[in-house]
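1. I would like to see how this sequence folds:
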Amino acid sequence: MVVVKYLLKFLAVLLLFIEIDCDENDIESRVVDGQLVPIRRFPHVAFLRIVLPYGEENVCGGSIVNQFLLVTAAHCMDFVNLRRDSIWAYVGHENIDEINIIRSVKKKYIHEDYDPFLNTPISDIALLLLKEALPLHKTIQRILINIQFPSSKFVTEGYLAGWGLVDEVNETPTMWLRSITQELLDPRFCYRILNGRIPGTFCGGSKHANRPRPAMGDSGSGLISKHRELLGVMSVKSAKSPSVAFYTNVTSFYSWLVKTAQEALQSTCGHL
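-> Reported below is the predicted structural model:
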């Protein structure tokens with residue numbers, strides 16, 4: 001009976017992220033040494049171009065929650081004012097130059113416990129509401145967000161794809177989507193790196209400094225399981241261990257995601 005109740009609760013909440021129906025219409029940190037991959041392997045990914053005053057631009061990654069919402073890292077939105085600045089989401093192709101599905105961001109929702117002035121990745125998660133719906137198809141798809149983090153018996157690694165720099169030293173960008181595999185590391189190892197435990201985070205990568213890793217431009221990108229579950233959102237890297245990255249555990253913020261998504265979608269559907 002407990003299992004049935006859990007499944008019903010999971011399926012009911014999952015509907016929020018899987019399908020939106022407004023009226024009659026179905027609304028649908030760089031990777032160093034990563035492998036080139038087609039978008040069909042990571043159809044949930046979004047390239048975020050953040051345009052600031054005086055021609056300055058930042059780059060982050062994101063994941064498609066549904067036709068109107070993307071999830072990313074809160075720190076990607078640091079000091080971004082949508083009355084002055086603009087955020088553009090590119091989806092649907094592995095080559096940025098070939099992308100023709102581009103959406104502007106209407107509103108950003110930052111977790112209330114996130115503080116841009118702290119040096120630790122606390123509650124580093126955000127939702128972005130798009131002005132126009134995404135056309136979902138084989139190269140633009142929603143990501144699954146589960147209510148519980150999968151057991152380490154079944155999931156020992158995750159996969160991250162992004163368009164960040166491919167050379168840290170020379171700050172070389174790429175127009176092509178690349179991916180890496182991240183081993184999920186022992187929490188005790190993570191705690192030692194950060195000199196303590198930070199709730200709602202986990203770390204992944206390698207204890208060896210020269211292994212493939214995410215970096216500048218991959219912030220906000222999603223780490224997924226082989227079953228296309230979103231495990232975490234890329235938050236920060238460790239200065240002590242360059243090949244170790246810290247991720248915001250999305251299951252720790254499941255309730256916030258549900259509540260915030262409902263708020264965002266109610267306002268959107270009400271104005272269509």
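2. Cross-check the contact I'm expecting between Glu229 and Pro150.
-> Yes - counting by Cβ atoms under 8 Å, Pro150 is a contact partner of Glu229 at 6.8 Å. Where you see a C-beta, it was placed from the backbone N, CA and C, and this is true even at glycine.
3. between those two, who's got more neighbours?
-> Glu229 (19 against 16; other Cβ atoms under 10 Å).
4. Can you name the residues bridging to that one?
-> Taking DSSP bridges as the rule, Glu229 bridges to Leu144.
5. So which residues of this structure form helices?
-> 2-18, 187-194, 254-269 (DSSP state H).
6. mean pLDDT for those helices: which is lowest?
-> Ranked by mean pLDDT, the helices of the chain bottom out at helix 2-18, with a mean of 42.
7. longest strand of the chain?
-> strand 101-110 (DSSP state E).
8. so what secondary structure elements neighbour that one?
-> In terms of contacts (3 or more Cβ pairs under 8 Å, 6 or more residues apart in numbering; DSSP states H and E), strand 101-110 is packed against strand 86-91, strand 126-130, helix 254-269.
9. so how far is the second one off the chain centroid?
-> Taking Cα atoms, centre = their mean, to the nearest Å, one finds the center of strand 126-130 at 11 Å from the center of the full chain.
10. What of the last one?
-> On the basis of Cα atoms, centre = their mean, helix 254-269 sits 17 Å off its chain's mean C-alpha point.
11. Pull out the buried residues from that helix.
-> Neighbour counts over helix 254-269 (16 or more other Cβ atoms under 10 Å) mark 254, 256-258, 260-261, 264-265, 268 as buried.
12. Make sure Ser241 is actually in contact with Asn210.
-> No - the criterion here is Cβ under 8 Å, and Ser241 misses it with Asn210 at 11.4 Å.
13. of all the helices and strands packed on strand 101-110, which lies closest to Glu183?
-> With Cβ to Cβ as the measure, helix 254-269 is the member of these nearest Glu183 (23.8 Å).
14. ok so, going back, now the helices and strands packed on strand 101-110 in CSV, please, with extra columns for distance to Arg41.
-> Below are the helices and strands packed on strand 101-110 laid out as CSV (distance: least, Cβ to Cβ, whole Å):
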stretch, distance to Arg41
strand 86-91, 14
strand 126-130, 23
helix 254-269, 24
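15. closest to Lys108 out of those?
-> Among those, the nearest to Lys108 by Cβ to Cβ is strand 126-130 (5.5 Å).
16. what packs against the closest one?
-> strand 69-72, strand 86-91, strand 101-110, helix 254-269.
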